[in-house]
Each structure stands twice: as structure tokens, then as C-alpha cells.
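S.K.: Output the structure for:
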Amino acid sequence: MKKIITVFGSSFPRPGDEEYNTAYELGKLLGQNNFDVCSGGFQGIMDAVSKGVTEAGGRAIGVTVNLYNAKPSLYLSEEIRCESLFERIEKLINTGDGYVILPGGTGTLVELSVVWEYINKKMMSKKPVVCIGEYWNPIIETIENRMKLEGRETGLVKIFNGIAEAVEFIKESLN
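M.R.: The predicted model follows:
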């Protein structure tokens, strides 16, 4: 059975935007490396990664919630509908064998924080957690410094500037 990588990121990038293109290439690369993808199932990064993985022969699972009156991505292979935002976050996390976090706003930050907290508090087993881009450097550095201060495990979240290195790390981590 294929491993599933949950991808978090902004709903705002549109086709042709750099962030959209990066997410598309990420989805394609994950599909080419025999992964399926799970996302929030709507537009922006979620649409792009779904398009990329399906074009590469993988499945795109969208975990949606009827809060935004948003249209699900046309590239979904499967849609899982949730009743609340918290149920959606839980389903996104539980579905993933690993996580890639692309640039996003407060929703993306919540998703990263919940994954990190679950692993930190041993509420789930360690899984690869990868942030893409310099965007995440100050956020991850700040939290890592706090983790050191509190005597907690550090290095649970990795940052990569490119998607190829990130996918390679995920492959190695899951083998």
C-alpha cells in the first residue's frame, strides 16, 4: 500500500504563481516516487499538489469542511468531508505517513503546530515533518530555541529549500 504524504499550505496561490508551481512540482515528484497525497482539498497549494500527484499517477485525497463555501479541487481522487475544522485537522494528520508544509498563513501554522505537538508529546509516532523554504526559518528557529530551553527534543521538523531534497528525506525516513 502506498504511503500518503499530507501537504499543508495556503489556499491563495493561483496557477502561474511561484508557490502554485512549487506545489504542483511537489505533487508530481511525490507521485513519481510512489506516494499518494492528502491535502485540505480546496484551491491554491491544495489544488496544485493534487494536480501534480494525479498527473504522475498517484491519488489525491482531499479532506474538506463546509465552512468556506469553497469548491473542492477538480483533481481529487477522493474527498473526505468533515463537519468541523478540528475534525478536518485531525483527519489530515491521521491520514499522513509524513508531512510537507509549504508557505501559508494561520491555518497552515495551526496544522504544523498540531503535528509538531502530537510528535513532541508522543501522542503519535515520529513521522517526517518537512517545511519548504526560507519562509519557515524564523518560526522553526524560535520554537526550536524554546524546545531547547525546556529540555525537549529538537530536530523534529526539518527545513529544506528545495522540493527534491525534501522528497528524498521523506523517502529515506519512511524506508
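
S.K.: and residue 153, what does it touch?
M.R.: Contacts of residue 153 were listed using C-beta atoms under 8 Å, 6 or more residues apart in numbering, and they are 120, 147. Where you see a C-beta, it was placed from the backbone N, CA and C, and this is true even at glycine.

S.K.: and it, what helix or strand is that in?
M.R.: Per DSSP states H and E, residue 153 falls between elements, in no helix or strand.

S.K.: doesn't residue 151 fall inside a strand?
M.R.: No. Using DSSP: H, G, I helix; E, B strand; the rest coil, the assignment for residue 151 is coil, not a strand.

S.K.: Ramachandran coordinates for it?
M.R.: phi 70, psi 30 (degrees, to the nearest 10).

S.K.: Can you report how many residues lie near it?
M.R.: Number of residues near residue 151 (other C-beta atoms under 10 Å) recorded here: 7.

S.K.: now whichever strand or helix holds residue 148: how far from the chain's centre is it?
M.R.: Using DSSP H and E, residue 148 sits within helix 137-149. Helix 137-149 sits 20 Å away from the centroid of its parent chain (C-alpha atoms, centre = their mean, to the nearest Å).

S.K.: so who does the closest residue to residue 20 other than its chain neighbours touch?
M.R.: Residue nearest to residue 20 in three dimensions, not counting chain neighbours: residue 13, with 3.9 Å by C-beta to C-beta, 6 or more residues apart in numbering. Contacts were defined as C-beta under 8 Å, 6+ apart; by that measure residue 13 touches 19, 20, 23, 44, 45, 48.

S.K.: Nearest to residue 151 among these?
M.R.: Relative to residue 151, the closest of those is residue 45; by C-beta to C-beta it sits at 34.7 Å.

S.K.: Number of residues surrounding the closest residue to the closest one other than its chain neighbours?
M.R.: Closest residue to residue 45 in three dimensions, ignoring its sequence neighbours and counting by C-beta to C-beta, 6+ apart: residue 9, at 3.2 Å. Neighbourhood size, residue 9 [other C-beta under 10 Å]: 28.

S.K.: Residue 116 now?
M.R.: 18.

S.K.: helix or strand for it, which one?
M.R.: Secondary structure from DSSP H and E places residue 116 in helix 106-120.

S.K.: Kindly report the same for residue 123.
M.R.: Per DSSP H and E: residue 123 is located in neither a helix nor a strand.

S.K.: Skip the chain neighbours and tell me the closest residue to it.
M.R.: Nearest one to residue 123, counting by C-beta to C-beta, 6+ apart, is residue 117 at 7.5 Å.
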